[in-house]
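Asks: Sequence below, structure please.
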Amino acid sequence: MLEITEEVLQKILPSDGPSIEEVKKYLVKYNDEYIVIKCGGSVLVDENLFNIFISDIAILNKLGFIPIIVHGGGKRINNKLDKLGIKSNFIKGLRVTDKDTIEVIEQVLIEFNKEIIEGLKKFTCKSQTINSKENNIITVVQESDELGYVGAPTTINTKIINKIVDEKKVPVIAPLGLDNNNQTFNINADTAAGFIAKKIEARRLIIMSDVEGVLDNDKKLIPEINSKSIKDLINSETVTGGMIPKINNCLDVASNGVKGVVIIDGRKNHSILFELLSDKGSGTLIRQ
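Replies: Purely as a prediction, here's the structure:
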């Protein structure tokens, strides 16, 4: 971990983020450990939220942390497919992906991947793209025949991630993979982030979403849940729809060596910094 003076912290940290006193307590907590951050939802289409997200990643990098970005792109993909008149069907939250659709998805995700790279450059933060065309790290098998070109990760080339990190760069990973025939497959971004976090033995997995976290029946944030309470929440239908696979994925990651998995609200300014560098944290922490 870098030796950082209070004067330097004053220059690095945003005025509306965690206090310097809090940050100083957490500077050594994640020393030399990977922090996987999955970004999706409104953050990827709202220019202001996107810029704050990019700024927060650059701050973590300057503080000596090791952030690894896995980004989605569902809303951008929807917009592009709509313009092209390509209709999307979903099965259990996964997009049915034919030959035409996978080509559009790959194009959109790679373009957005490069936008993140350029954004980080503006904050003097070096980064490196990882996608199906460049530095591919994910090998997949087909999820199912009915889903088409949707992949389930089988292996991760961790050497590429380690090399990028050793060069003090931030890996920026698109949720795309190749099968043994070098065919491109789309991967659910939460699944990709979780799989990567497990394989590189990350300390934290942060899922940035369009919701505050996991909410109770009174729509109040539940700060922490585990396997038993998750089961109760699903059985009572407090948690429904797309949140169920998201939580189950987080639980799987928490049960396989990643100490802290959290769902946070990407619509709130500096939610990443508050989660990692403040006493109160942000969102819902999911434990085994």
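
Asks: Three-state assignment for the spatially most central residue of the chain, please.
Replies: In the chain, the residue lying closest to the centroid (Cα atoms, centre = their mean) is residue 38, at 0.4 Å. For residue 38, the assignment made with DSSP: H, G, I helix; E, B strand; the rest coil gives strand.

Asks: nearest residue to it other than its sequence neighbours?
Replies: Using Cβ to Cβ, 6 or more residues apart in numbering and skipping residues adjacent in sequence, the residue nearest residue 38 is residue 193, 3.7 Å away. Bear in mind the C-beta positions are built from the backbone N, C-alpha and C, glycine included.

Asks: So what's the residue count around the one you found?
Replies: Neighbours of residue 193 under the rule other Cβ atoms under 10 Å: 32.

Asks: That one: helix or strand, and which one exactly?
Replies: Per DSSP states H and E, residue 193 falls inside helix 189-199.

Asks: Sheet-wise, list the partners of the helix or strand that that helix is followed by with their directions.
Replies: Moving toward the C-terminus from helix 189-199, the next helix or strand (DSSP H and E) is strand 204-209. Neighbouring strands of strand 204-209 in its sheet, by DSSP bridges, are strand 34-39 (parallel), strand 260-265 (parallel).

Asks: can you count the residues close to residue 229?
Replies: By other Cβ under 10 Å, neighbour count at residue 229 equals 16.

Asks: can you pull the contacts of it?
Replies: residue 222 (Cβ atoms under 8 Å, 6 or more residues apart in numbering).

Asks: now the strands: where do they sit in the protein?
Replies: Under the criterion DSSP state E, the chain contains strands at 34-39, 66-71, 90-91, 94-95, 127-130, 138-142, 151-156, 170-173, 176-178, 184-186, 204-209, 224-225, 260-265, 284-286.

Asks: Please produce a markdown table containing those, extended by mean pLDDT.
Replies: As requested, the strands of the chain are exported to a markdown table (pLDDT from 0 to 100):
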| stretch | mean pLDDT |
| --- | --- |
| strand 34-39 | 96 |
| strand 66-71 | 97 |
| strand 90-91 | 87 |
| strand 94-95 | 88 |
| strand 127-130 | 98 |
| strand 138-142 | 98 |
| strand 151-156 | 97 |
| strand 170-173 | 98 |
| strand 176-178 | 98 |
| strand 184-186 | 98 |
| strand 204-209 | 93 |
| strand 224-225 | 92 |
| strand 260-265 | 92 |
| strand 284-286 | 92 |
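
Asks: Distance to residue 22 for those strands - can I get that in a markdown table?
Replies: Output for the strands of the chain, formatted as a markdown table (distance: least, Cβ to Cβ, whole Å):
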| stretch | distance to residue 22 |
| --- | --- |
| strand 34-39 | 17 |
| strand 66-71 | 19 |
| strand 90-91 | 41 |
| strand 94-95 | 39 |
| strand 127-130 | 27 |
| strand 138-142 | 36 |
| strand 151-156 | 33 |
| strand 170-173 | 23 |
| strand 176-178 | 37 |
| strand 184-186 | 39 |
| strand 204-209 | 17 |
| strand 224-225 | 19 |
| strand 260-265 | 17 |
| strand 284-286 | 17 |
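
Asks: Without its sequence neighbours, what residue ends up closest to residue 116?
Replies: residue 172 (5.0 Å).

Asks: neighbours of that neighbour, just the number please.
Replies: Counted with other Cβ under 10 Å, residues neighbouring residue 172 total 27.

Asks: List the contacts of it.
Replies: Counting by Cβ under 8 Å, 6+ apart, residue 172 touches 69, 71, 113, 116-117, 120, 127-130.
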